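1. Make a model of this:
(chains A, B and C)
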Amino acid sequence: MTDVAEILIPLALDTAYSYVVPEGLRLAEGDVVQVPLGPRETVGVVWGLAHTAGGSNLRPVTGRVDAPPLSEPLRKLVDWIARYTLAPKGSALAMVLRLPDEAAARETARVGVRVSGKTPARATPARRKVLEAAADGALHGKSALAKAAGVSLGVVDGLIDDGALEAVAVEPEAVAPPPDPDHPRVPLSDAQEAAAIALIAGPGTALLPAADPNPAGPGAGSLSRAGEGASRGSGESLAHAEPAAPGPVLLEGVTGSGKTEVYFEAVAHCVRAGRQALILMPEIALTAQFLDRFAARFGVRPAAWHSGVGGRRRERLRAAVAAGEARVVVGARSALFLPFRKLGLIVVDEEHESAYKQEDGVHYHARDMAVVRGRLEGCPVVLASATPSIESRVNAERGRYRHVRLPERFGGRRLPDIRAIDMRLDGPERGRFLSPPLINAVKANLAAGEQSLLFLNRRGYAPLTLCRACGHRYRCRNCSTWLVEHRFRKALVCHQCGYAEPRPQACTECGTFDNLTACGPGVERIAEEVSELFPDRRIIVLSSDFPGGAERLRLELEAVAAGECDIVVGTQLVAKGHNFPHLTLVGVLDADIGLTSGDPRAAERTFQLLQQVTGRAGRGERPGRALVQTYQPTHPVIAALLSGDAERFYAEEVAAREAAGLPPFGRLAALIVSAAEREAAEAQGQALARTAEPPPGAMVLGPAEAPLALVRGRYRFRLLVKTERNVDLQSYLRDWLARAPKPRGSVRVAVDVDPQSFL
DNA sequence: AGCACGCCGACT
DNA sequence: GTCGGCGTGCTC
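-> Next up is the predicted model:
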């Protein structure tokens, strides 16, 4: 009898490989091991163990790796994700198993220096300056000290060698200081308190009285002190170590209703119960502002996990998570794969955000994977949004998710007054983009000393450039899109693939000089118009191509939030993440952008975006105003926005999808095919997306129905696939692809499906 | 992911 | 005549 281990290797391999377990090595599922693979050694994870009779020709496991084993829920998650996303198992494993990378391990621990008291053998002026700067006896960073003394690092090193300074290893700052769930805080409103209790306690639990009969100052609400609920004898209590009710909950609250504070209570409860909490956010929303709000509630900033956290810090945080020391992690989508030891809660903030979709490598939707991980870990998953996705809403309506609502703004604040400006009646002058009513509103707002936002979801100066002499339109050489003029960069840029070329002086087609014309508006052009209208006002353009990089952008966002600006011209960047407390007027410049894109989620996305951006208007208790320029004031999206009737919009949207034969929660697959493949198929008179019968009940939105996007030489098809509940979509698609005449090259399929139907 | 094999274009 | 481009395939 031989012991054989099935080892999954974090490479694009779909099956685990078998190795012999050498004599004396005791392995368990989940253990991280080293194995030979071809000419080299790799790490892998024990996915299964078996005995077989007879000597085998398998290679042996080299040995165990000193790393915490992969928990069972995490292994199941890997299997699930691989199956669900049609990715190789090894690729799914790679997302979880980012081993301590060597570069990070080699990073030396930071060294600090302090005066030893010994006088240096030689005292040069430079040395004296250093010793003066370090005279306080405290620990100084080496380079910081050199800089403070105005000398080079060599002087400091010299003093260390001399013994006048002693080098001490700096205790690295804590990656994850413990949050205090009972930190004094601002009391919740009745509505928030009720929502928080519903979130934690689950269905069928009697609510505590919303108002505290014996208020004892801040922090004494019924949720703040463990055990108090019981002492008041008001039915079910949220006892100290009682875990929150598992399963997904949709926490829906209008902008400004204080959702964050509500789920913070669920986080606090989870921490009190001795378990870990994960708060997922779209990368863009992971701001200092949010971390400060967390600190205000819990006394410390949370451990943050995102692409910007690198090196040693990343590894130490991962270790703290695995050890269960990091109690709360706030992170972007990749944080979902951290090896939590005892996960007690996942919050997905802004759950409707498309940034949760990972579109390269393993394609997944972090919100859906969070639901799956929550299920596997047996913990609750809170999906929070002011504008939930259709699928989450449908799931809530059908009782698969619990639904907790915060229908009102916090502190009696009212929602903004939203009005349409019908561009067919009140349109701007030729070549202009601001309508007279909007200009007047901005004027009035400025006169009142208030901040305004002009929102246009289009970066750059103009979305299309053409030659007036020959009519040539500038398009991307890789993509099917027009090149967007960026006047600040003096370039024509493709917004699909990033291709850029300098803006030509003469038409590249006919050679005519200075006869190119910009068509349509982008934020840069709007800013130009605004500065002509209000020349002495402080105007700023905020979009993702803000010059000076992310750090300057962050500072600008803070300056705007502090009120240091009169008019903001911005793209969707301003609709997300940052709050602007001084903003009282929002002007939407082209509400119709995106409504005709052919994307099956166009209406939903536009509605969410417009609702978020108009919701930014309002200051303290004063309601704000929003003016929406549109050519289609009766379009369902615009009408819903104006009436504030989200319910109706969602109902209509679901009905429309059903009428079109589409499921309410999209089963969306993307088929990515190279341009050459498609041309080859078309040469044979076939449209590639239709070369095989789609799976039963599937609809394919291909060349005939929707314009294809051509990105970096690859066509992107969208397949909307309708299947029965509990049917294995993966086999459908595999089968379908197998039957399609497969041209050379890879055909990748990504699935973006409601995960609940496959659990 | 690495690393080999393999089949066509411009070079010491 | 070879060097080298990256497409394809394999690793228990």
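2. Low-confidence stretches in the stretch 1-150 of chain A?
-> A:54-55, A:99-111 (pLDDT under 70).
3. Tell me, how many residues neighbour the closest residue to DNA strand B within it?
-> Proximity of the stretch 1-150 of chain A to DNA strand B (Cβ to the nearest atom of the strand) peaks at A:Leu11, 4.4 Å away. Bear in mind the C-beta positions are built from the backbone N, C-alpha and C, glycine included. Around A:Leu11 there are 14 other residues, counting by other Cβ atoms under 10 Å.
4. Over to the one 4 residues further on?
-> Taking other Cβ under 10 Å as the criterion, the count of residues near A:Thr15 is 12.
5. A:Pro60 too?
-> 14.
6. Next: A:Leu438.
-> Neighbour number of A:Leu438 under other Cβ under 10 Å is 22.
7. in the sheet, who's paired with the closest residue to it other than its chain neighbours?
-> The spatially closest residue to A:Leu438, leaving aside those adjacent along the chain, is A:Gly587, at 4.8 Å (Cβ to Cβ, 6 or more residues apart in numbering). For A:Gly587, the beta-bridge partners are A:Leu454, A:Leu627 (DSSP bridges).
8. Report the separation between A:Gly587 and DNA strand C.
-> 48 Å (Cβ to the nearest atom of the strand, to the nearest Å).
9. mind listing what the residue nearest to A:Arg327 when sequence neighbours are not counted touches?
-> Excluding the flanking residues, the one nearest A:Arg327 by Cβ to Cβ, 6+ apart is A:Val271, at 5.2 Å. Residues near A:Val271 by Cβ atoms under 8 Å, 6 or more residues apart in numbering: A:Pro179, A:Pro181, A:Ala277, A:Arg327, A:Val328.
10. just checking, which of those residues belong to strands?
-> A:Ala277, A:Val328 (DSSP state E).
11. top of the contacts of A:Val271 by neighbour count?
-> Top of the contacts of A:Val271 by neighbour count (other Cβ under 10 Å): A:Ala277, with 30 neighbours.
12. give me the number of residues near A:Ala92?
-> 26.
13. circling back: need the contacts of A:Val271 in a markdown table with pLDDT and distance to DNA strand C, can you?
-> Formatted as a markdown table, those follow (pLDDT from 0 to 100; distance: Cβ to the nearest atom of the strand, whole Å):
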| residue | pLDDT | distance to DNA strand C |
| --- | --- | --- |
| A:Pro179 | 96 | 43 |
| A:Pro181 | 95 | 47 |
| A:Ala277 | 98 | 38 |
| A:Arg327 | 97 | 39 |
| A:Val328 | 97 | 39 |
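14. a markdown table for the contacts of A:Val271, including distance to A:Arg475?
-> Listed next are those as a markdown table, based on distance: Cβ to Cβ, whole Å:
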| residue | distance to A:Arg475 |
| --- | --- |
| A:Pro179 | 52 |
| A:Pro181 | 56 |
| A:Ala277 | 48 |
| A:Arg327 | 52 |
| A:Val328 | 48 |
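15. Tell me who's in contact with the one residue sitting closest to the centre of chain A.
-> The centroid of chain A falls nearest to A:Pro282 when counting by Cα atoms, centre = their mean (1.8 Å). Listed by Cβ under 8 Å, 6+ apart, the contact set of A:Pro282 reads A:Ala332, A:Arg333, A:Asp349, A:Glu350, A:Glu353, A:Ala355, A:Tyr356, A:Lys576, A:Gly577.
16. With respect to A:Val628, which of those residues is nearest?
-> A:Lys576 (18.4 Å; Cβ to Cβ).
17. So what's the predicted local confidence for the residue lying closest to that closest one once chain neighbours are set aside?
-> In space, A:Lys576 comes closest to A:Ile284 once its chain neighbours are excluded; the distance is 5.3 Å by Cβ to Cβ, 6+ apart. Here, the pLDDT recorded for A:Ile284 equals 77.
18. So A:Glu621 sits against A:Arg409, correct?
-> No. Using Cβ atoms under 8 Å, A:Glu621 is not in contact with A:Arg409; the gap is 9.4 Å.
19. pLDDT below threshold where in the stretch 301-450 of chain A?
-> A:412-413.
20. And the helices in it?
-> A:311-322, A:366-377, A:390-397, A:423-426, A:436-447 (DSSP state H, counting those that start in this stretch).
21. Just tell me which of these ends up closest to A:Phe337.
-> Per Cβ to Cβ, nearest to A:Phe337 of the helices of the stretch 301-450 of chain A: helix A:366-377, 8.5 Å.
22. Counting by contacts, list what the closest one packs against.
-> On a contact count with 3 or more Cβ pairs under 8 Å, 6 or more residues apart in numbering; DSSP states H and E, helix A:366-377 meets helix A:72-85, strand A:247-253, strand A:276-280, strand A:343-349, strand A:380-385.
23. now it against helix A:72-85, angle please.
-> Calculated by axes from the mean of the first three to the mean of the last three Cα atoms, to 10 degrees, helix A:366-377 forms an angle of 140 degrees with helix A:72-85.
24. now helix A:366-377, how far from the chain's geometric center?
-> 15 Å (Cα atoms, centre = their mean, to the nearest Å).
25. Check stretch A:602-618 too.
-> On Cα atoms, centre = their mean, the centre of stretch A:602-618 falls 17 Å from that of its chain.
26. and that stretch, which residues are buried?
-> A:603-618 (16 or more other Cβ atoms under 10 Å).
27. Can you report the mean pLDDT over the residues of the helix or strand hosting the residue nearest to A:Arg327?
-> Under the criterion of DSSP states H and E, A:Val271 resides in helix A:259-272. When pLDDT is averaged over helix A:259-272, the result is 96.
28. now it and strand A:247-253, what's the angle there?
-> 150 degrees.
29. With just CA atoms, put helix A:259-272 into CSV.
-> Provided in CSV are the C-alpha atoms of helix A:259-272 (Å, rounded to 0.1, in the frame of the first residue of the first chain):
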residue,chain,number,x,y,z
LYS,A,259,-26.0,52.5,6.0
THR,A,260,-22.4,52.5,7.0
GLU,A,261,-23.1,53.1,10.6
VAL,A,262,-25.7,50.3,10.5
TYR,A,263,-23.4,47.7,9.2
PHE,A,264,-20.7,48.9,11.5
GLU,A,265,-23.0,47.6,14.3
ALA,A,266,-23.0,44.2,12.6
VAL,A,267,-19.2,44.4,12.5
ALA,A,268,-19.1,45.4,16.2
HIS,A,269,-21.3,42.4,17.0
CYS,A,270,-19.1,40.1,15.1
VAL,A,271,-16.0,41.4,16.8
ARG,A,272,-17.6,41.0,20.2
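30. one step back: more neighbours: A:Glu621 and A:Arg409, which one.
-> Per other Cβ under 10 Å, whichever of A:Glu621 and A:Arg409 has more neighbours is A:Arg409, with 21 against 10.
31. Contacts only, for the more buried one.
-> A:Val254, A:Thr255, A:Gly256, A:Ser257, A:Leu415.
32. mind checking pLDDT for the nearest residue to the second one once chain neighbours are set aside?
-> It stands for A:Thr255. The shortest distance from A:Thr255 to any non-neighbouring residue, by Cβ to Cβ, 6+ apart, is to A:Gly615 (3.3 Å). The model reports A:Gly615 with a pLDDT of 89.
33. next one: phi and psi at the closest residue to A:His582 other than its chain neighbours?
-> Of all residues not flanking A:His582 in the chain, A:Gly563 sits nearest, at 3.9 Å (Cβ to Cβ, 6+ apart). Main-chain dihedrals, A:Gly563, degrees, to the nearest 10: phi 90, psi 10.
34. In contact with the residue nearest to A:Glu509 when sequence neighbours are not counted: list those residues for me.
-> Once flanking residues are discounted, A:Glu509 sits nearest to A:His472: 3.8 Å by Cβ to Cβ, 6+ apart. Shown in contact with A:His472 (Cβ under 8 Å, 6+ apart): A:Leu466, A:Cys507, A:Thr508, A:Glu509, A:Cys510.
35. Right, I'll call it a day here.
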